[in-house]
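One predicted model, sequence on top.
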Amino acid sequence: MSMSRRNFIKRAAFSSIAAAAVLSGANRGAAAIESSDEYATIIDLSKCDGCKNADTPSCVAACRNKNQSRFPQPQKPIGDYWPQAKHEDWSNKRELTNRLTPYNWTYVQHLQVQHEGQEYEINVPRRCLHCNNPPCASLCPFGVNEKMPEGPVLINPSGCFGGAKCRDVCPWEIPQRQAGVGLYLQVAPQYAGGGVMYKCDMCYDLIQNHKEPACVSACPKQALLFGLKEDMQSYARQWAQENSGYLYGMEENGGTSTIYLSTVPFEAIHNAILEQEVDGKPGKPGMPVGVENILDKPAGMAQGFLIAPVAGLLGAGLSVYKIMTGADNDENNEA
């Protein structure tokens, strides 16, 4: 069964109002999850050397090898995002490994960090932090982002329309978009969406089979550790105490399932990233210390819903499209 385009757009507008009301009192079951079965990753920056003797860091290569069968295969020519005269296409840059892309879900950022008159060489593996209470999941107008009980935050590519609200509300702008793929091509290619969003899923399939993520297994320096979240948090606190060190991810954005350890303050690391990325290039996020979760702020849900208004407006209708198409026999007979 199908829905007429006219009725689809009408329902999209109506649904945006209904969705705003629903979101103000609920967050699609993506509230903070605290469970003894939840897992977390530790990234020890004092151990990571960026695999300096390798063409590609081991964690990055392992991630790409594991997930290459899931990388997007866009239909070309690719149309622009209505009403904008542009689109995001990384299909001719699939081999990039020095930033986040739809084809590269983790990378290692090499930094020269100044702290107390000394210069430190720091290598920072970057990927999704898998927040405890992820705004991307709560505020996705398509309802395809989900926080799993084991810790990962997943994007369902089969239902994603590429509205990029997940990237807009992420403090690190982690998800990356590939145009020319996804359900929007069949539903409303000229009106909304723009592809599919991609990011690390913590190797959820491996976790379900009681295995650690590919990046963790591949690290030759054991700079990445994986285990029950409570154990990882305890380890991190003890490490910080014994090494006069610093932690990142325990509090940021309300807490995450990724905890960075460093002997250099993360304020200095963040400043080094900003200095390196003078133009604020997307796909190379900073590490702002103590960044707050938009959902913890007054009227945060409403504020987040207003980000990327076109995606929010039309996305609310698109998210219920598959449900509605089963109830439109009469309307399909309209002129």
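Thanks, I have it. Numbers count the residues shown, from 1 in each chain.

I'd assumed residue 248 was in contact with residue 264.
No. Contact criterion C-beta atoms under 8 Å: residue 264 and residue 248 do not qualify, at 10.9 Å. Backbone N, C-alpha and C define where each C-beta goes, glycine included.

more crowded one of the two?
When neighbours are counted by other C-beta atoms under 10 Å, residue 264 and residue 248 differ, and residue 248 comes out ahead with 25 against 20.

Please list all residues in contact with that one.
Going by C-beta atoms under 8 Å, 6 or more residues apart in numbering, residue 248 touches 259-260, 262, 266, 287, 289.

just the buried members of these?
Under a neighbour-count criterion of 16 or more other C-beta atoms under 10 Å, the subset of the contacts of residue 248 counted as buried comprises 259-260, 262, 266, 287.

So which of these sit within helices?
Judged by DSSP state H, the buried ones among the contacts of residue 248 include residue 266 as members of helices.

Using a markdown table, lay out the buried ones among the contacts of residue 248 together with pLDDT and distance to residue 102.
Shown next, in a markdown table, are these (pLDDT from 0 to 100; distance: C-beta to C-beta, whole Å):
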| residue | pLDDT | distance to residue 102 |
| --- | --- | --- |
| 259 | 98 | 26 |
| 260 | 98 | 24 |
| 262 | 98 | 29 |
| 266 | 98 | 27 |
| 287 | 96 | 22 |
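
Identify, from the buried ones among the contacts of residue 248, the entry nearest to residue 223.
Of all the buried ones among the contacts of residue 248, residue 260 has the smallest distance to residue 223: 10.3 Å, by C-beta to C-beta.

my read: that closest one touches residue 266, true?
Yes. Contact between residue 260 and residue 266 holds when scored by C-beta under 8 Å: they sit 7.2 Å apart.

overlap in contacts of those two?
248, 287.

phi, psi of residue 256?
The phi and psi values for residue 256, taken as degrees, to the nearest 10, are phi -140, psi 180.

right, I mislabeled it, should have said residue 160
Summarising the backbone geometry of residue 160 under the convention degrees, to the nearest 10, its torsions are phi -80, psi 140.

My guess is it contacts residue 142. True?
Yes. With contact taken as C-beta under 8 Å, residue 160 and residue 142 are classed as touching, separated by 6.1 Å.

For my notes, confirm residue 40 occurs in a strand.
Yes. Following the definition DSSP: H, G, I helix; E, B strand; the rest coil, residue 40 is counted among the residues of a strand.

show me the contacts for the nearest residue to residue 88 once chain neighbours are set aside.
When the adjacent residues along the chain are set aside, residue 88 lies closest to residue 177, with 4.7 Å between them (C-beta to C-beta, 6 or more residues apart in numbering). Applying C-beta under 8 Å, 6+ apart, one finds that residue 177 lies in contact with 88, 102, 162, 164, 167, 194-198.

so which of the residues you listed would you say is closest to residue 277?
Of all the contacts of residue 177, residue 277 sits closest to residue 167, with 16.3 Å by C-beta to C-beta.

what's the helix or strand for the closest one?
Element membership of residue 167, judged by DSSP states H and E, is helix 165-169.

elements contacting that helix?
Contacts of helix 165-169 with other secondary structure elements, assessed using 3 or more C-beta pairs under 8 Å, 6 or more residues apart in numbering; DSSP states H and E, are made with helix 135-139, helix 309-318.
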